[in-house]
Every structure is written in structure tokens, then in C-alpha cells.
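> Dropping a prediction and its sequence here:
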4 protein chains.
Amino acid sequence: MSKSRIRIGMVGGGETAFIGGVHRIAMRIDDQFDLVAGALDADAARGRSFAATLGIAADRAYDSYLDMFAAEAARPDGIEAVSIVTPNFLHFPVAKAALEAGIHVICEKPMTVTLEEAEELAALVASSGKQFFLTHTYTGYPMVRQMREMIAAGEIGTLRRVEAEYLQDWLADAVEDTGAEGAVWRTDPKKAGAGGAIGDVGTHAYNLAAFVTGQEPVELLAELSSFVKGRRVDDDAAILLRYQDGAKGSILASQVLPGNGNNLSLRVYGDKAGLEWRQEAPEELYFTRLGAPRQLLRRNGAGATPAAVSGSRVPAAHPEGYLEAFANLYRDAAKAIIGETGPSTVPGAPDGVAGLSFVEACLKSAQAGSVWVRLAD
Amino acid sequence: MSKSRIRIGMVGGGETAFIGGVHRIAMRIDDQFDLVAGALDADAARGRSFAATLGIAADRAYDSYLDMFAAEAARPDGIEAVSIVTPNFLHFPVAKAALEAGIHVICEKPMTVTLEEAEELAALVASSGKQFFLTHTYTGYPMVRQMREMIAAGEIGTLRRVEAEYLQDWLADAVEDTGAEGAVWRTDPKKAGAGGAIGDVGTHAYNLAAFVTGQEPVELLAELSSFVKGRRVDDDAAILLRYQDGAKGSILASQVLPGNGNNLSLRVYGDKAGLEWRQEAPEELYFTRLGAPRQLLRRNGAGATPAAVSGSRVPAAHPEGYLEAFANLYRDAAKAIIGETGPSTVPGAPDGVAGLSFVEACLKSAQAGSVWVRLAD
Amino acid sequence: MSKSRIRIGMVGGGETAFIGGVHRIAMRIDDQFDLVAGALDADAARGRSFAATLGIAADRAYDSYLDMFAAEAARPDGIEAVSIVTPNFLHFPVAKAALEAGIHVICEKPMTVTLEEAEELAALVASSGKQFFLTHTYTGYPMVRQMREMIAAGEIGTLRRVEAEYLQDWLADAVEDTGAEGAVWRTDPKKAGAGGAIGDVGTHAYNLAAFVTGQEPVELLAELSSFVKGRRVDDDAAILLRYQDGAKGSILASQVLPGNGNNLSLRVYGDKAGLEWRQEAPEELYFTRLGAPRQLLRRNGAGATPAAVSGSRVPAAHPEGYLEAFANLYRDAAKAIIGETGPSTVPGAPDGVAGLSFVEACLKSAQAGSVWVRLAD
Amino acid sequence: MSKSRIRIGMVGGGETAFIGGVHRIAMRIDDQFDLVAGALDADAARGRSFAATLGIAADRAYDSYLDMFAAEAARPDGIEAVSIVTPNFLHFPVAKAALEAGIHVICEKPMTVTLEEAEELAALVASSGKQFFLTHTYTGYPMVRQMREMIAAGEIGTLRRVEAEYLQDWLADAVEDTGAEGAVWRTDPKKAGAGGAIGDVGTHAYNLAAFVTGQEPVELLAELSSFVKGRRVDDDAAILLRYQDGAKGSILASQVLPGNGNNLSLRVYGDKAGLEWRQEAPEELYFTRLGAPRQLLRRNGAGATPAAVSGSRVPAAHPEGYLEAFANLYRDAAKAIIGETGPSTVPGAPDGVAGLSFVEACLKSAQAGSVWVRLAD
């Protein structure tokens, strides 16, 4: 065929995993990747069997990621990129091995489980000449990108306040005790990292605020709770933020508040206008200039900015959603990998380091009784 | 590869067409089709050039659909199915040729431009032993399928009233005079059929009502308007419906009402409860039992029915949308083609005939001054 | 006291009646009326006893409205106006007697139970020199008045389509068989008039459309249903409208659709813009110019028109509601009675006649099989 | 007349004041008060002139509140209660004088400008035998009262998190420099108290959270900002709360965030369910049990609790609003004054003390760099 797609492998993403399937759909939507290899499961036989159903050739269904990187490097048609969709603690060793094998990395968040690892990995990215993409899904939504462009264009004036929330309820009970796979590793500090809700959803909210405003806070204070008895990590966090020039912010991240599905929202206010967005209705962005009527801006509709238009596949009012947001990350990664674009808007290694700095600052603040701490400079 | 996908060709869907791209994404999302052939454009050279960018081999980028069906039939790896995404007037000859070549058909709506053609094609489908799928997109939404299952299960009691609306504003001005491609053929009775809004959006609304309630009306009355000066087809229609057992309905279909993007909605009321759904917020279904609080049912959430669950790829509150609804049609078509399932929920030839019966009844009613007419039995 | 309030009496509005209490609150809110007399109940003793609790002096609690008008006319401090809140069939004789006694009338809708009565009463109003106000409540909402002003100012361009709905569910079952007071007389043609839903809620929707657009339709077609077995009047109606200059409209009026409380809505579209309003969220008016983002206009907020401002008591975002809309009618009636203003925006006798013309046209259309009929010119 | 209303006077509430007019409407809605006296304006002549327009007799339009209490005490028909609607710094002396004159007090919030004054006044209330009502308006909303009853009944289980926000934008610019009356005194620490946004709107949010949950926090941390240059008080506050048994909370109070009108909201989550309410859509309460569909509870509709029913004047879906919420406070105050009821649900002196404790704790926390402080026990 005359069309050349990027050859990609996958680590993790076995049959029962949620996020692996999402990545596979995302890479297919715009048809820029061929998934040709995989080390999909800690149970190697199960992984090979599942690989077959995905159309991965038997000789490219590997028992381990180390095997995969070694074998693929030796093939003329070896993989150019890898998608890492394992539990958190494996992100670091897998990404490191991939970069060392000269393979671009598309990695689930958080980047690693410690800041130390994140910094080591970022240094490796910088020296490797390879690209590293961190799939902070929500930055792929066109209206999120529109917020970012509107703020950069001065539409809201001087930043005053950023309010980010990421609320869920699926950990409201001790579901990890029932053996639910995602819940077990996410509440195990060895596998998920020391942060619970702050790592799993808080980092998304933190990243989203930074992505949209173009600013990182300089200080924070975190009040962490574990509402479910026996839980070993935080499952609820209220965090206050201070920015360099006097702006303020809050993040509320919780996985134990009944009635919240995947309730991520972001509100940003300047001295001239405010912007409000909710992930559960992602096509709508509310924009209100001080003293003017509230406007509903829709994806690819009136007033759409370039990033929102280019992140759209269908006209306004034909809803795109979570999978298309994810596909935007893959599409942008593909463009960057083939060198079509300059710096990608997809979060990268510095964002991963910022995420771990955030998690460690939250833990440090909380351990001292919820006091103000500086973020790593 | 061990995975076998269905080999498919496409007729229409050139570079500037909206709906062809949608079909291609839809067939990729669940990875059950390989697009290997095409006659993509009336301008054959342009079509071949575009085919290359889609990864279609040069020898399978055909100048015409007749060429394609002949050549593919002669190949051992010839196409098993075809996706027809041309202007309306070509649906009939292309589908006919495909069926005669022993190829399954996935066809955009309306099925044909006249009832006579639709009936001929339906007879051909029946005798051909091949499958025919009509892409009434909106039946692919999980919450639409849930409405259907809830109504079939008696949740709303005896049907009283069905209210369907499909409102747009993109034809509010005489955009066909500016040469806008989609507008030009859609307002040309020779290419689109004698119905304007009733054919383009009215048939969707009509089909949706029938799909969800399981009932076709027996009589209707149509008040058609052409609000834009010089327009040769209706661009606005108000239609009243009568059902066999006393239930009533309305359809409002318009493409000239400012502020409406793709505002399709369906409300169905019985004597026990009501259900309300809007395409622009497709993840939400409102259900209210008489005397009880209104409930918000969400895709794949609490109270989800089997069809809504099986039509979902991600958990509740991770929005799926228009492209996933479309992908559900392709997924179900694939299952039916490979014989995995019994009768598919995807609309087929009888629904296409019903759609043309609806259009012709509307025209007949309107020509007589908007009087009641019986629907073809 | 230096403040002079208008002395008012009330006919109907006994202890168990809903709407009488609403009128009393409405007349108090802006403090321009003194309720000093009443014939509140068909059961005279019960009426006198209830009058006492309202602070009406014992000698002004009358056994009948005829007694009241006679006695009050003889007092130097007799009532100047009367509020008529009886079942429909009494509106005519009571209003007639009041006007003949030289008393201004504030009357619940519908004005009368037949068109003949309405025309007689309108003639009497014209010759009496007294004022007649018809409490079409919903015209009192500031955002409804703003719609009217925006349309009159050309904001939506040439009218295309008017969609009015008034949906309830409180008559979804045969509640009249349980003796529920409001339901019993409302479903009795002798007391409510020959129209059921069309009279009780349809006239509100019809009036609202006319009030806001400034236009009456010239032809209509009505499809009436009685969904509840044994009900003697219509409880559901779908009505199509044709306007003089080619605009079209629909009214859907029903009291039997589960999940609808008091779901009155109005959408008006021209060739330049659309306006959408719902009574259940009455502070919000959505305004969308063709090709521009949707705007949310709020009562007394940015973009408020003079009528919306003057119909407000508190700032935007401090919700006013149904009682304040009603109070706006009383306030405007007071201004007109004391001669402060020119023609009031409160509906009057011609609107009452129009309402009965509408009801009779609906019945005539339905009786002939739901055909088009001309509205009385 | 046989009806006896409570004779009431008013201090403050001159022609240009917003809140005085609200109190007067509120006291009229249910017709339980006669406003017979007033010291309405610091400019005595202007106050007398305005009093006349309200129907207050000339000899009861006083130059000062001291004159009023003295003169009224000497009349057999003197006032029984007083409504205090002055700028904040006058609440204390006026209330004190009223209580000493044996007059019941209905007072705007905050109770006083210092905690010391609040405690002195609370002691005086306790010893006076008179009643003191603090008009925390939002506690008058039926759905707020329903939240309180549902939580008390265990509907949400064990409290986890309380999120209260009160956001406005009317102080987003330095409007006090333009002489806007309400803005001038509200930003003057001598007249409003040392707290700006925390006093003006924060106390409402704090009170609402306490009213609904039945719990006061034990510790708080406040991050105060003054975003508008030159402003002498805080205009934005983010506050974290800790409750006795481990529940957590946040209050966000700001008057400088564009796009927020009177955006008060309250969300309360327990381990079993969540409740969400917004003042700008006050008729709607969202209730979601863990694992069940979201329910919309409406005022006086299905599932209404006794307090919501008794706080309603009209059926569900006929919107009541801010003025009716206020009227509920007056109605309940009237019942308590005439001894019809036991303890009122209207906030009283202890709530006023709690409000000032909150303000002072916020200031103390902020002055120390936003650290945790204990609330006065």
C-alpha cells in the first residue's frame, strides 16, 4: 500500500484492561498506526492468545517487553513506537527500555511512581532523541484546546482563579477487597505510587489546569483523606494553589463521592472574562465576558479557534467524545513522530515531571499537617 | 494475520465529502473491516489520487462502481461488502449492481429517491441472499437502543404520543447558490429526490420513532414549506401522525431554523411513563414514571439495558458520540455478515421502503393542501 | 395613610382553590391593592368564614357576587375592581355584572366558555368605559416580555416558525373520578367549556405565541385526543398554524403525558435568529443569531430590554418566578386603572375573544376529521 | 378586621437600598405583617418622604431608630417587631436598642461586625425573652430545607464532604470608586466589618452548609485575596474545613469572578448518596444514591419532604424563587412570634455568633499565612 502507517507495539492492555482497548481504538480512528507487536499481559500465554484476536502475528506476540524491544530492534520492519498501558509502577522501566532501544514512547499517566524516576526518565528522553508522549487524555478535547488558545490570546485578561475538579465514585466502597482488578493495583502504593486519588485523577486535573492556563503554581497545600476504612492511599484531596503573579487555584480530586461518574471540570477566571468546561459535556464551553451575556461555544462551531477546528472530525452538534479526544493525542503524536510538525501540544516528559512534583508536594504538605509547600522549581 | 476482517469497497466518499469520512472512521473503530477498494469520486483521477492516501492499492482504485464490482468479483480476495456514500440518486443503481454481483450492501439513507425504486431494491435484497444495511445513524446510539428495549419491556405502558424533531439551520440561507457541495445536490430534486428536509432529516426522525416504538403510523398529514426563496424542495415540515391503536405523533423537520445545529430529539410517552432523548447530549436519557422523580439514565450506567451495554466501549461518563453510534452500525453489520447473529438491529430494506413511503405520503398530503393520507400498507 | 391602594373584591377563590390564593399573593407583592370584599365560595357560610381569615370585614363577605356588586356600589368606599377566579362557566356572568356595576375586571382565563359570550363581553367592555384584564399569567414573565420586544425590534428577522408547547401530566389518570376538585370541573364541558386541554392549557400557549410574535394565525388544524377512558373533553391536542405571510406554527397541548409538570415552552424562529424559553426555567432566554454562538439572556441582566427590567424586582440571578409574573399583571393592571399608563401589556378582551375563537376553531377542525379551518376574522 | 397582623417597623431600607425592598415584599407575601413605622434613611427627610409612599403614617416615620423605639413603646398599638436592613455596622446598636425596648428583631446578616458584639447581642437575646431572627435568605428555599431533612433522615449516610460556593462578579472592577452605594459601604471595613467577601457572601455559604448538615466544622484554613487594586477588604476566599468526625469541606466565596451572578451552590456527599443544589435553579435538587440513577427532586413534587411542602405556595413546576424563600423566613418568624410553633428553623442568634466566629477565624488564619485555626468552641 502506498500509505505508510507508524508501526507500533503495546505493553500491557490485556483482555480485561480498560485503558488498553481505549488506546487501540484511539490509534485506529485516524488510521496512522499499525499495531504489529505486543507484550500484552503479565500472563504471557493469555497475552499471546489475546494478541491473535487483535491481528498481531504470532511471532510478534511477546512474553515480555524486554523480548519485544530486542526482537523488534532486529527486524527491518520493527516497531517505531510503543504504547505503554501497564499499571503505574511499570511505566518507568518499560519506557526506559523503549527509549534505550530507540523507540518512541506513548505512555499512560502518571509518567512514573516517583519524582526521582520521572526526572531520570525526562533526562533520558532529552538525550535519546526520541519522542515521549504522556496521554493526559483530557488535553485532547477540542474545547480544552480552545480554552488554552483563548486564554493565550488574552480573552480572559489577567488570570485570577483556576478551579479544577475531578470527582468519581467508583471507589466509594472498599471495592479493592472484592478483587476488582483496576481497584486493587490503584490502591496499592507499590503499584500505583504513594498517591491515590491525587495520582490517579488529581494529576489529570493538575495537568489540565497547567495546560489551559500555561502556568504552573509555585506553592500548594493539600488536605488528603482516606474515607474508606483500611484504604492504604488517599481517596479524596482538596488542594489550594498559589501562582507566581497572585492568581489562586483549587483542585478537588476524589474517588469516593456518590453521584460522580467521571466528573472532571475546569473553570478559569480572569479580570475580563470566565471560561467553564465539563468533561461529561465536552462539546460545550461557556464563555462570559464581564457584563455580557453568557455564550455557549461549541466544538467546530461559531467562534471555534484553530486548535478546536483541527481537533474535530465532524461538524458541530455531531458529538465527539472521549475516544476522539484520545485519538487527537495519537494523531498529534503521529505528526510529531513523522516530523510533520514542530512541538506537539501533547503533554510530554516535562509535564510528567510536573505531575510527580505535584504528587510529592501534596504528600509532603499532607504529612506536615496540610501546610503550604513550594513546588519543585 | 490470524484476524480476518471483512473486505469492503466504497462508492462515493471523495476527499470533500463529509459522510464518506465518517463511514471510514466508523469501520475502523472496531477493526472488523479492511477498506481495500473504491470508486470514490465522479472525477476518476481525483478519486484514484484520494484512494492512495487511504492506503487503497492503485489497481483497486476504480473509475466507476461498475468497474469495481466486475473486477472485484474476479479476484479471489475480492470485496465482500460495499459502502455506498454517494448522493441519493445513485443509491439505487449502485446497490442494485452490488447485490447482483453478490456483494453485501451498507448504504446511506434514504435508500433510493422513489418508493418504486425502494420496493424494487427490497425485492432484490430478498431474492439475492445478500444483506442490506441502511445507515440510519441515530439508531446506533446506545441510549436510543435502551429506549427501544425499555418500551418493548413495557416500561412506559400503552403508547400515547411520540414527538420527534430534527432541526438544523445550515440551509437557513440560500447556500446552494454559493456552490456549497452538499447543499447543491441536496436541494436538487433530481439528485436528492422530491423531498428536501423530509428526505434528508425527516426520514431519520421517522425511522427513529419507528425504531424506538416498534410501531409505524397508519396515517399522516404534512405541512411543507420552502422558506428560502427559490429553493426547489421543502426545507421545513410539520407532520402529524396517527397510529393504529390511537396513539398520536408529530415530526418537525427543518433545516432553516437559526440556532439549531443537529438538533434531533425524541420524546415518547405512554400512560405510565415518559422517555426523552436528545442527539446533542446523546449519553443522557430522561425517564420519568408518572408520580415519581425524573431519572437521568446514562450510557453504560445504572439501569443500562443489554443493548446499551453492548453498544458501549467505555464506562459511563466517558462520553461516546456520533462516530461510536455509527461504528455500532458497522459492528452489527459485521456480525450479521459473518453470520454471528440472527436478525440485526441495523435498519434494512424494509426500513428503507418505509422511509420512501413516508416521503411520498408527505408529498401527496402536501400537494392536496395538507390533508390526511394513509401510509402505504 | 397617604398611600392609596385600589379597593378590590374577589369572586371565587375559596379555601381549597389553588388559583385564588395565587391572585391574592400577586396583588400583595407590589402593595397596590386592598382586598376588602369577597364572595369567595359557592358555599356562602364557608366563604364568609374564609373571608375572615383573609382580613375581610364581616359585612363585606358576601353570599353572592350579585349581592357584592349591589352593596359595594352603594358604599362610598366600595370596590373599584374585582378579581374573578371561579370555574370557567361563571366568568361571563360575573364579569358582565361587574362591568354593569361600573367595576374594573381582572379575570382568569379563558374569558368565557363560548365565543358568543366572549364577543358579547368584549362589546360590553368597549361600551362600559371600564377596564378588563385577562390573567394570561405567562405574559407577565420578564423574559417573555423581552422576547416580544426583541421580536418587535427585528432581532429575529422575518418570522418563520413558532413552536409552543404546554404539557402537563396531572390528568394522566382519571383523577376526576376520585373527586379531585380542580379535575372535576375542568373535565366537565358544562363548567369548563367544550374544550378540555385546548381550553385549559392550549389557550395559554396560543395567547403566548400571539403575545410574543404580535401575530395571530389565519388558519389552523387540530388533532384532538381523549386518552383517558371516559373523559368527556379532549386531554391532548396537536395543532398546526398558518400565518398571513407564510410563517408556520405548532401548538402541542396535553395534560396526560407523564413527566411533564407545567412544561410550557415557546420557541420562535425568524430568518436571522431564534429565541427559546421554558416556563420551568423562566429566568433564562436563549438567543442565537444565525452563525453566532448561543447566548443566555437572563432577567435583568446583560442585554435586558426595558420591559424585562421594569418587570423585575431583584437583580439577575436572584430567581423570580410564577408569583412575580402574576404580580406583574396586577401591577400593570393597577397602573392602567389609576390612569398612569397608556395601553397595558396585560391581555384584555380582544385576547379573550381570540382565545375562544381558537378553541372553537380547534373543535370545528377536529369534528370535521382534523381539517384546516379559518380563524374568525 | 378580624385578622391580626404583626405590627412591624423597619430601620434602613430607604428608596435606593436593594435589600429593604426585598424585606417589604417578603413580609407582604403571606400577609402576616403590617409595616406601620420606620426610620428608613440616614437622611431623615428623605426617609420620611419615602415612608409616605409605603403607606406609613407621617407620625410614625421617624428620624432615628432611637426615636422610633421610644415613641412606639409608648403607643398601645406600637410595633411588636423590627426589621433591620441597614449597613452591617448598625446591626448591633439597632438590634440592641430594639431588644431593650422589648421588640422582636428580624435582622440582616451578618449579625454584627465583630464576634465580641455578636456574643454580647446573643446574651442579650437570651436574657430579653424576645426573639431574634437572622435573615440567611437561602435557608428559606424549600429544597434547602429538604436537603436538611433528607440528611437528618440518614439519606446520604455518614457525611464525607461539603462543598459550598458563593460566587459573584459585581465587584470584579473597582466599582466602589464610582460611588455605587452598596459597593462603597461593603468595601469599607468600618461599615461592613473586617471581612469583605467572607462576610458578605462567605457567611451565607458557611451558614448554609451548617444549616443543611447540622454540623459546624472544628477547624478551618482561609486563603484570602484582594484581586482589585486598592480594595481594603478581601474579595475572594478559598477556605478548607475539617469536621469533628473526619468529614471535610470547602467554601469558595468570591465577588470578582466574571460570569457569576449570584452563584451560590451546595453539594453534600455521604458514603451512601450525594445531594446537589444551586441557588440560580432553586427548584431543583439532584439526589444520587451510590450505584443508582441520578434523580431530580422538585419543590413540592414527588419525594418532597414536609419542610419542602410547607415552604411551598404553588405546585411543582410553577417556579418559586428568591422572594418566596425570603417570605418563608418571615412566615416562620411570624409563627414563632405569635407562639404558634416551637423552635423556628429560621437562623437565630447562635447562628449569628457562628458566622462572626467564622469570619474572625478566616481573618486569623489568613493573617498567619493561611494556616489551620480552631473555630471558637
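The structure has been received and is ready for your questions. Numbers count the residues shown, from 1 in each chain, chains lettered A, B, ... in the order given.

> A:Glu219: neighbouring residues, count only.
Residues lying near A:Glu219 (other CB atoms under 10 Å in any protein chain shown) number 16. Backbone N, C-alpha and C define where each C-beta goes, glycine included.

> typo on my end, A:Met147
Neighbour tally, A:Met147, other CB under 10 Å: 29.

> tell me the SS of it?
Three-state call for A:Met147 (DSSP: H, G, I helix; E, B strand; the rest coil): helix.

> contacting residues for it?
By CB atoms under 8 Å, 6 or more residues apart in numbering or on different chains, A:Met147 lies in contact with A:212, A:266, A:268, A:275, A:277, A:285.

> and if you look at A:Gly102?
Contacts for A:Gly102 (CB under 8 Å, 6+ apart) come out as A:73, A:128, A:130.

> quick one: the last one from A:Ala81, how far?
This means A:Lys130. When distance is defined by CB to CB, to the nearest Å, A:Lys130 is 9 Å away from A:Ala81.

> Now the residue of the stretch 101-250 of chain A found nearest chain C: closest residue in space that isn't a chain neighbour?
Scanning the stretch 101-250 of chain A for proximity to chain C using CB to the nearest CB identifies A:Gln146 as nearest, at 11.8 Å. Leaving aside its chain neighbours, A:Gln146 sits nearest to A:Ala308 (4.0 Å; criterion: CB to CB, 6 or more residues apart in numbering or on different chains).

> Pull up the gap between the nearest residue to A:Thr305 once chain neighbours are set aside and A:Ala308, please.
Leaving out its chain neighbours, the residue that sits closest to A:Thr305 by CB to CB, 6+ apart is A:Glu149, at 4.2 Å. Distance from A:Glu149 to A:Ala308, counting by CB to CB: 8 Å.

> So which of the two has more stuff around it?
A:Ala308 (26 against 17).

> and A:Val36, what helix or strand is that in?
For A:Val36, the host element (DSSP states H and E) is strand A:33-39.

> what's the answer for A:Arg331, then?
A:Arg331 is part of helix A:322-337, with elements assigned from DSSP H and E.

> As PDB, could you dump the C-alpha coordinates of that helix?
Taking Å, rounded to 0.1, in the frame of the first residue of the first chain, the C-alpha atoms of helix A:322-337 are listed here in PDB:
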ATOM      1  CA  TYR A 322     -13.600  10.700  24.900                       C
ATOM      2  CA  LEU A 323     -12.300   8.400  22.200                       C
ATOM      3  CA  GLU A 324     -11.900  11.200  19.800                       C
ATOM      4  CA  ALA A 325     -10.000  13.200  22.400                       C
ATOM      5  CA  PHE A 326      -7.700  10.300  22.900                       C
ATOM      6  CA  ALA A 327      -7.400   9.900  19.100                       C
ATOM      7  CA  ASN A 328      -6.300  13.600  18.900                       C
ATOM      8  CA  LEU A 329      -3.300  12.700  21.100                       C
ATOM      9  CA  TYR A 330      -2.400   9.800  18.800                       C
ATOM     10  CA  ARG A 331      -2.900  11.900  15.700                       C
ATOM     11  CA  ASP A 332      -0.600  14.700  17.100                       C
ATOM     12  CA  ALA A 333       1.900  12.100  18.300                       C
ATOM     13  CA  ALA A 334       2.000  10.600  14.700                       C
ATOM     14  CA  LYS A 335       2.500  14.100  13.200                       C
ATOM     15  CA  ALA A 336       5.400  14.700  15.600                       C
ATOM     16  CA  ILE A 337       6.900  11.300  15.000                       C
END
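
> And for A:Pro306, the neighbour number?
Neighbour tally, A:Pro306, other CB under 10 Å: 10.

> Which residue comes closest to it once chain neighbours are left out?
A:Glu149 is the one closest to A:Pro306 (CB to CB, 6+ apart), at 7.0 Å.

> And that neighbour, how close does it get to chain B?
Distance, A:Glu149 to chain B, using CB to the nearest CB, to the nearest Å: 21 Å.

> for A:Leu115, same thing?
For A:Leu115, the distance to chain B (CB to the nearest CB) stands at 29 Å.

> and if you look at A:Phe287?
The gap separating A:Phe287 from chain B is 17 Å, by CB to the nearest CB.

> Break chain A down into its domains, please.
Annotated domains of chain A cover A:6-137, A:142-314+A:347-367 [automatic domain parsing].

> How about the helix or strand encompassing A:Ser83 and chain B, touching?
Using DSSP H and E, A:Ser83 falls within strand A:81-85. No: Strand A:81-85 stays clear of chain B (CB under 8 Å from any CB of the partner chain), getting no nearer than 14.0 Å.

> Just checking, which helix or strand succeeds that strand along the chain?
Taking DSSP H and E, what comes next after strand A:81-85 is helix A:91-100.

> and the following helix or strand past that next one, what's its mean pLDDT?
Toward the C-terminus, helix A:91-100 is succeeded by strand A:104-107 as the next helix or strand (DSSP H and E). Averaged across strand A:104-107, pLDDT comes to 98.

> Show me what the helix or strand bottoming out on mean pLDDT in chain A is packed against.
The helix or strand of chain A with the poorest confidence is helix A:181-186; it has a mean of 87 (mean pLDDT, DSSP states H and E). With contacts taken as 3 or more CB pairs under 8 Å, 6 or more residues apart in numbering or on different chains; DSSP states H and E, helix A:181-186 sits against helix A:189-192.

> What is the helix it packs on packed up against?
Contact here means 3+ CB pairs under 8 Å, 6+ apart; on that basis helix A:189-192 packs against helix A:181-186.

> So which bits of the helix it packs on are buried?
Taking 16 or more other CB atoms under 10 Å in any protein chain shown as the neighbour-count basis, helix A:181-186 is seen to contain the buried residues A:182-184, A:186.

> try stretch A:292-306
Neighbour counts over stretch A:292-306 (16+ other CB under 10 Å) mark A:293-305 as buried.

> Provide the contact partners of it at residue level.
A:142-143, A:145-146, A:149-150, A:153, A:282-288, A:308-309, A:311-312, A:314-317, A:320, B:261, C:287, C:291-298, C:301-303, D:259.

> ok, now which ones touch the most centrally placed residue in chain A?
By CA atoms, centre = their mean, the mean C-alpha position of chain A lies nearest to A:His136, the distance being 1.8 Å. Contacts for A:His136 (CB under 8 Å, 6+ apart) come out as A:109, A:203-204, A:207-208, A:211, A:347, A:351.

> Next, format the residues you listed as JSON lines and append secondary structure, distance to D:Glu223 and neighbour count.
Shown next, in JSON lines, are those (DSSP: H, G, I helix; E, B strand; the rest coil; distance: CB to CB, whole Å; neighbours: other CB atoms under 10 Å in any protein chain shown):
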{"residue": "A:Lys109", "secondary structure": "coil", "distance to D:Glu223": "28", "neighbour count": "21"}
{"residue": "A:Thr203", "secondary structure": "helix", "distance to D:Glu223": "22", "neighbour count": "29"}
{"residue": "A:His204", "secondary structure": "helix", "distance to D:Glu223": "23", "neighbour count": "23"}
{"residue": "A:Asn207", "secondary structure": "helix", "distance to D:Glu223": "22", "neighbour count": "24"}
{"residue": "A:Leu208", "secondary structure": "helix", "distance to D:Glu223": "21", "neighbour count": "28"}
{"residue": "A:Phe211", "secondary structure": "helix", "distance to D:Glu223": "23", "neighbour count": "19"}
{"residue": "A:Pro347", "secondary structure": "coil", "distance to D:Glu223": "28", "neighbour count": "26"}
{"residue": "A:Asp351", "secondary structure": "helix", "distance to D:Glu223": "26", "neighbour count": "24"}
